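Asks: My questions concern the predicted model and sequence given below.
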Amino acid sequence: MIRYARVYLPLSCLALLLAAAPQAAASGFQLRDQSGSGQGNAYAGISAGGSDISSMFFNPAAMMRYDGNQLQFGLTGIAPDSKFSNGAASRSGGAGAISGPSSTGNIASSAISPTLYGMWTVNPDLKLGLAVNVPFGLTTNYDSGWMGRYQALKSHLETLDIAPSVAYKLDPKWSAGFALVARRAKAELSQGVDLGYQAAGLIQQLGLVNPGIAPGGADGSVDVQGSSWAYGYRLGLIFEPSKTLHFGMGYQSEIRETIKGTATFTLPASIQAGLAGVLEANGDSPTAQGLVAGLQAATANSSASALLVLPATISAGMIYDVSSTFSLAVEISQTQWSSFKELRVKFANSAAQPDNYIVENWKDALFIAVGATCHPEGPWTYRAGLALDKTPVPDSTRNPRIPDADRTWVSGGVSYQFTKRFGVDAGYSHLFCKDSSVNLQGGTDPTNPAFFRGNLSGTYKNSIDVLALQARYHF
């Protein structure tokens, strides 16, 4: 007989919510797509100054490579495709299969990410800047009846950075930069809850008469929303040993968001009727009354909070001007996803809804890019690039919210300079993603939040298309 020590609904969904962008256009749920010109050569050399002031997102010191006062506005369309197939799902404890389709259509939603940059030249040795970016995010949706509904339905995460910055020329070869980052994070998640399985198990454990409540017969759902503000910083160096060779290094700090929000439950009429039936079938005994009260408390709407650690990134780039019309570039960066070990959620009513946790144990991830830029005389500039982008997600902890995998970027782009003051950039990347698999086991411990999510296995086929457009104005 399965023993259920207490009512323990899978409200750890809030933790998964905070990592809810399974097909972002960089590893994990990071968005590297912050520049129309940088997109064209797969961001090769962006930390060394790239092609314009949009490089300040990666390295605030890069402003020292540009003159005058400038404004830039960009839009990046990100169109991921992620489809689940060959699925199998069952309840923990040998309680039978979970019904529902074993494959899905595209579960990853497209998004448009904006960027805004401004730079003001105080004097030749001092620049002030402002960057507005979306560094993490995107959305995924599953149909309500799919076999993994207890793992995930809807996931949404969006962030917004506002970063004033300053750059200073230390000497003819060295420049340094600093930016203060204010980050807004907003998140939403929903998932199914197998109330029938949990109620039936408790009825069995307590030795009560079951009026007909069965696993899968009383599915509810929970929707969690939260938001927060937090602060971090960016640092950067530029080294230019000659007019044709440029090196840069940037650092973006870890930012720890304390997400605060609400958990809202939707309960089916069948569970309400079933609980009334429990009281009737057991003569309103104190044990039956305690069971009903416990389930009601566990599914009560509540406030919730969780710590979201958005990782630090360190990057280095090089640009070599082979001639006055042709440049080669290299970029390497590491996103320190190893800080993403566990997410723990706290609820206002801790007696009825104890802390929940999810183990992730991600690893640091590398991004390596090479690219070329051709800028012949005239208004046109042409770019191309290749990149390798490693996933931070271990096979053992991959889940339906983040079916991330290694990807390869193939990029190209153009710029057109209409006047000395005004120009536009366009960049396109196709990301070839390896297939990824999930193999989640709920275990045998009902006090573990994974237990009631059950077992799920299957394969994801993923790809991403990215199109970036950017306008530049020099005044």
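Replies: Nice, I can see it.
Asks: What's the mean pLDDT across stretch 75-83?
Replies: Stretch 75-83 carries an average pLDDT of 95.
Asks: what comes up buried for that stretch?
Replies: Using 16 or more other Cβ atoms under 10 Å as the test for burial, stretch 75-83 gives 76, 78-83. Quick note: C-beta positions are derived from backbone N, CA and C, even for glycine.
Asks: Could you do stretch 370-385 as well?
Replies: 370-373, 375, 381-385.
Asks: now swap in stretch 105-122 and tell me
Replies: By neighbour count with 16+ other Cβ under 10 Å, stretch 105-122 contains the buried residues 106-109, 111, 113, 115, 117-119, 121.
Asks: In CSV: the residues you listed, plus distance to S339.
Replies: Output for these, formatted as CSV (distance: Cβ to Cβ, whole Å):
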residue, distance to S339
N106, 30
I107, 27
A108, 25
S109, 27
A111, 25
S113, 23
T115, 25
Y117, 28
G118, 31
M119, 31
T121, 37
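Asks: For the nearest residue to R398 once chain neighbours are set aside, give me its contacts.
Replies: Using Cβ to Cβ, 6 or more residues apart in numbering and skipping residues adjacent in sequence, the residue nearest R398 is V438, 5.2 Å away. Residues in contact with V438, defined by Cβ atoms under 8 Å, 6 or more residues apart in numbering, are 398-400, 403, 456-458, 460.
Asks: for S109, same thing?
Replies: So S109 contacts 80, 138-141 (Cβ under 8 Å, 6+ apart).
Asks: same deal with L456?
Replies: Contact analysis of L456 by Cβ under 8 Å, 6+ apart lists 87-89, 147-148, 151, 400, 438-440.
Asks: Need those in CSV (columns: secondary structure and distance to N59).
Replies: CSV is the format used below for the contacts of L456 (DSSP: H, G, I helix; E, B strand; the rest coil; distance: Cβ to Cβ, whole Å):
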residue, secondary structure, distance to N59
G87, strand, 43
A88, strand, 47
A89, strand, 46
M147, coil, 46
G148, coil, 41
Q151, coil, 39
P400, coil, 35
V438, strand, 36
N439, strand, 40
L440, strand, 39
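Asks: out of those residues, who's nearest V181?
Replies: When the contacts of L456 are compared for distance to V181 (Cβ to Cβ), P400 wins out at 30.6 Å.
Asks: distance of that closest one from Y142?
Replies: Distance of P400 to Y142, computed by Cβ to Cβ, to the nearest Å: 7 Å.
Asks: I'd say F326 and G371 touch.
Replies: No - taking contacts as Cβ atoms under 8 Å, F326 lies outside contact range of G371: 11.8 Å.
Asks: Restricted to strands, list the buried residues of stretch 75-83.
Replies: Assignment to strands by DSSP state E places the following of those there: 76, 78-83.
Asks: What would the lengthiest strand in the chain look like as PDB? C-alpha coordinates only.
Replies: When the chain is parsed with DSSP E, its longest strand is strand 219-242. Provided in PDB are the C-alpha atoms of strand 219-242 (Å, rounded to 0.1, in the frame of the first residue of the first chain):
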ATOM      1  CA  ASP A 219      -7.700  17.300 -12.600                       C
ATOM      2  CA  GLY A 220      -7.300  20.800 -11.300                       C
ATOM      3  CA  SER A 221      -4.800  23.400 -12.300                       C
ATOM      4  CA  VAL A 222      -2.600  26.000 -10.700                       C
ATOM      5  CA  ASP A 223      -1.500  29.300 -12.100                       C
ATOM      6  CA  VAL A 224       1.400  31.200 -10.500                       C
ATOM      7  CA  GLN A 225       2.400  34.800 -11.300                       C
ATOM      8  CA  GLY A 226       5.100  36.900  -9.800                       C
ATOM      9  CA  SER A 227       7.500  39.800 -10.400                       C
ATOM     10  CA  SER A 228      10.400  41.700  -8.900                       C
ATOM     11  CA  TRP A 229      13.100  44.300  -9.300                       C
ATOM     12  CA  ALA A 230      16.800  43.600  -8.600                       C
ATOM     13  CA  TYR A 231      20.100  45.200  -9.400                       C
ATOM     14  CA  GLY A 232      23.500  44.300 -10.800                       C
ATOM     15  CA  TYR A 233      26.300  45.700 -12.900                       C
ATOM     16  CA  ARG A 234      28.500  45.300 -16.000                       C
ATOM     17  CA  LEU A 235      32.200  45.900 -16.400                       C
ATOM     18  CA  GLY A 236      34.400  46.200 -19.500                       C
ATOM     19  CA  LEU A 237      37.800  46.800 -20.900                       C
ATOM     20  CA  ILE A 238      39.000  47.600 -24.400                       C
ATOM     21  CA  PHE A 239      42.600  47.200 -25.500                       C
ATOM     22  CA  GLU A 240      43.700  48.500 -28.900                       C
ATOM     23  CA  PRO A 241      47.400  47.900 -29.400                       C
ATOM     24  CA  SER A 242      47.200  49.200 -33.000                       C
END
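Asks: So if I had to pick from P400 and Y142, which one is more boxed in?
Replies: The neighbour comparison of P400 against Y142 (other Cβ atoms under 10 Å) goes to P400, with 28 against 25.
Asks: measure that one to K127 for me?
Replies: Taking Cβ to Cβ, one finds P400 at 45 Å from K127.
Asks: Residue ranges in the stretch 101-250 of the chain under the pLDDT threshold?
Replies: For the stretch 101-250 of the chain, applying pLDDT under 70 flags no range at all.
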